[in-house]
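# build me a model:
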Amino acid sequence: MKVIFMGTPDFSVGTLEALIEAGHEVCLAVTQPDKPKGRGKEMQYTPVKQAAAAHGIPVYQPKKIREAACVEELKKYNADIMVVIAFGQILPKEILEMTPYGCVNVHASLLPKYRGAAPIQWAIIDGEAETGVTTMQMDVGLDTGDMLLKTVVPIEKDETGETLHDKLAAAGAKLCAETLKALEDGTVTPKKQGEMTTAYARMLDKKLGNIDWTKPAVQIERLVRGLNSWPSAYTHLDGKVMKIWKAEVQKETSDAEPGTVTAIGKNEFAVQTGEGQLLVQELQLPGKKRMDAGSFLRGYHLSTGIILRDS
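Below is the predicted model:
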């Protein structure tokens, strides 16, 4: 097929590579405009632009894809299909219906569960046992189009947002290639999503990571994993932000106020929560690198009775 590919972050790159490997002609890569990054504020290519350039694929970076000039630009390529994965802009009806096979989206959840911007992280935070990837025929709604194919990915006990991101990116790349073949062969039947069965997977922000120690330890531990590597779960120690990167649930409890450091071991320390305790095993202080709790305890005088705050 002749494909216009739309995507921006790392999550999209594997799918672009899979389509090329499957023999499709990717005639154009559409991605978000370059942004300044780092102290020097140098303009940096998006991951999709980098990958497209490596394969000699033309790149188009519209600020607003909905503008009439952008729609006309895409028409010039006479593509058979558009593939969209984490592009970052809402497509107008004119683009959705531009090609014979329409627009196929690769979404990182088992739709209709977890429609929205952050399905990977919310699946972990909510304690799901499994998630996956769905390909769908896009419509004007937000992740509401007819489903094409699905693949299931188990969520491991120690799964983080970062590790699950990589698993789903690989699964999505494979599934997208299978979906385009099925569309060509006429062997896939689009299926309506029906009613949404979970809350909308809203966009992540830094405030979400502010730990509420009155919540059960199991919920806090899932928050820690889900927000690893961004934006991270955190608390406050001596007025400074302390990010928590790894923790374990301990069912034993105490009468201490939630947020209180109740025990200190060689390589971890326990914090009382609203239900059970959280064993902190990896953390990070401002201006420091991530470290295991043992290293932290050897260089910082932490004592039982100290209360970690949410601000």
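
# next, name the residue at the spatial heart of this structure.
Among the residues of the chain, the one closest to the centroid is Ile120, at 4.6 Å (CA atoms, centre = their mean).

# and Arg298, how many neighbours?
Arg298: 11 surrounding residues under other CB atoms under 10 Å. C-betas here are computed from N, CA, C, even on glycine.

# also Gln50?
Other residues near Gln50 come to 14 when the count uses other CB under 10 Å.

# helix, strand, or coil at it?
Classification of Gln50 using DSSP: H, G, I helix; E, B strand; the rest coil returns helix.

# in the stretch 201-311 of the chain, which spans are helices?
Remark: helices assigned in the stretch 201-311 of the chain by DSSP state H, counting those that start in this stretch are 217-226, 293-299.

# so for Arg39, which of the ones you listed sits nearest?
helix 293-299 (27.3 Å; CB to CB).

# circling back: out of the helices of the stretch 201-311 of the chain, nearest to Glu72?
Evaluated over those, closeness to Glu72 peaks at helix 217-226, with 41.5 Å, by CB to CB.

# contact partners for the residue nearest to the centre of the chain?
108-109, 131, 161, 164-165, 168 (CB atoms under 8 Å, 6 or more residues apart in numbering).

# how does it look with 10 Å?
By CB atoms under 10 Å, 6 or more residues apart in numbering, the residues touching Ile120 are 11, 108-109, 114, 131, 155, 159-169, 201, 204, 226.

# ok, Met6 next?
Met6 sits in contact with 12, 16, 28-32, 48, 60, 65, 74, 82-89, 91, 95, 103, 105, where contact means CB under 10 Å, 6+ apart.

# show the pLDDT at the residue nearest to the centre of the chain.
Listed pLDDT for Ile120 reads 98.

# in which helix or strand would I find it?
Assigned by DSSP states H and E, Ile120 belongs to helix 119-125.

# related to what we said a few turns ago, please narrow the contacts of Met6 to those residing in helices.
Per DSSP state H, helices hold the following members of the contacts of Met6: 12, 16, 48, 74, 95.

# need those in a markdown table (columns: distance to Leu208 and pLDDT).
Converted to a markdown table, the ones in helices among the contacts of Met6 look like this (distance: CB to CB, whole Å; pLDDT from 0 to 100):
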| residue | distance to Leu208 | pLDDT |
| --- | --- | --- |
| Ser12 | 24 | 98 |
| Leu16 | 30 | 98 |
| Val48 | 26 | 98 |
| Leu74 | 35 | 98 |
| Ile95 | 32 | 97 |
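
# low-confidence stretches in the stretch 51-200 of the chain?
Along the stretch 51-200 of the chain, segments meeting pLDDT under 70 span 196-197.

# show me where the stretch 51-200 of the chain has its strands.
In the stretch 51-200 of the chain, the segments counted as strands under DSSP state E, counting those that start in this stretch are 59-60, 81-85, 103-107, 130-137, 146-154.

# quick one: buried residues of the last one?
The one in question is strand 146-154. Across strand 146-154, burial judged by 16 or more other CB atoms under 10 Å covers 147-150, 153.

# and Pro62, how far is that from Gly88?
11 Å (CB to CB, to the nearest Å).

# which neighbours do these two share?
With CB under 10 Å, 6+ apart as the test, Pro62 and Gly88 both reach 31-32.

# of the ones in helices among the contacts of Met6, grab the buried ones for ChimeraX.
Buried subset of these, written as a ChimeraX selection, criterion 16+ other CB under 10 Å:
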select :12,16,48,74,95
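
# save the ones in helices among the contacts of Met6 as TSV, and put in distance to Trp213 too.
What follows is the ones in helices among the contacts of Met6, written out as TSV (distance: CB to CB, whole Å):
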residue	distance to Trp213
Ser12	37
Leu16	43
Val48	40
Leu74	51
Ile95	47
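
# about what we covered before: and Ile307, which of the strands of the stretch 51-200 of the chain is closest to it?
strand 130-137 (35.4 Å).

# got the angle for that closest one vs strand 146-154?
Interaxial angle, strand 130-137 versus strand 146-154 (axes from the mean of the first three to the mean of the last three CA atoms, to 10 degrees): 160 degrees.

# for strand 130-137, packing partners?
strand 81-85, strand 103-107, helix 119-125, strand 146-154, helix 161-185 (3 or more CB pairs under 10 Å, 6 or more residues apart in numbering; DSSP states H and E).

# residues of the last one that come out buried?
This means helix 161-185. 161, 163-165, 167-169, 171-173, 175-180, 183.

# mind listing the strands in the stretch 201-311 of the chain by residue range?
Using DSSP E, counting those that start in this stretch, the strands found in the stretch 201-311 of the chain span residues 233-237, 240-250, 261-264, 269-272, 277-284, 291-292.

# pLDDT of the last one, averaged?
Model confidence over strand 291-292 averages 98 on the pLDDT scale.

# off-centre distance for that strand?
24 Å (CA atoms, centre = their mean, to the nearest Å).
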